[in-house]
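>>> All I have is the shape, not the residue letters:
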């Protein structure tokens with residue numbers, strides 16, 4: 001676990017996605033509210049990732065993702 005900015009997560013996401021198995025869940029937590037739209041747009045461009053849940057509390061966002069297929 002570490003604190004990464006949205007930009008850092010997007011840079012590393014391809015590598016992280018490679019090691020996540022089909023059906024696996026990935027939780028991104030601690031995203032500031034203003035980064036939500038940018039992160040959602042990026043994740044929607046990933047064809048094998050489904051945003052299962054979005055939680056928000058006090059300006060912080062948590063995204064629960066699911067890998068739907070291998071690339």
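Nice, I can see it. These figures come from a predicted structure and were not determined experimentally.
>>> Who's the closest spatial neighbour of residue 27, skipping the chain neighbours?
residue 64 (5.5 Å; C-beta to C-beta, 6 or more residues apart in numbering). Glycine gets a C-beta too; all of them are placed from N, C-alpha and C.
>>> Likewise for residue 18?
Going by C-beta to C-beta, 6+ apart, residue 18 has residue 71 as its nearest residue, at 7.9 Å.
>>> Quick check: which ranges of this protein have low pLDDT?
1-3 (pLDDT under 70).
>>> ranges for the strands of it?
Using DSSP state E, the strands of the chain run over residues 25-32, 49-57, 60-67.
>>> Can you check what angle separates the last one from strand 25-32?
Spelled out, that is strand 60-67. 160 degrees (axes from the mean of the first three to the mean of the last three C-alpha atoms, to 10 degrees).
>>> Note down every partner strand of strand 60-67 and its orientation.
strand 25-32 (antiparallel), strand 49-57 (antiparallel) (DSSP bridges).
>>> As a quick check, tell me the outermost residue of this protein.
residue 58 (19.1 Å; C-alpha atoms, centre = their mean).
>>> List the contacts of residue 13.
By C-beta atoms under 8 Å, 6 or more residues apart in numbering, residue 13 lies in contact with 42, 46.
>>> Actually, residue 46.
13, 17.
>>> Tell me how far it lies from residue 58.
Using C-beta to C-beta, to the nearest Å, residue 46 is found at 27 Å from residue 58.
>>> Who does residue 63 form a beta bridge with?
Counting by DSSP bridges, the residues bridging with residue 63 are residue 28, residue 54.
>>> burial count for it?
21 (other C-beta atoms under 10 Å).
>>> With residue 17 instead?
17.
>>> Thank you, goodbye.
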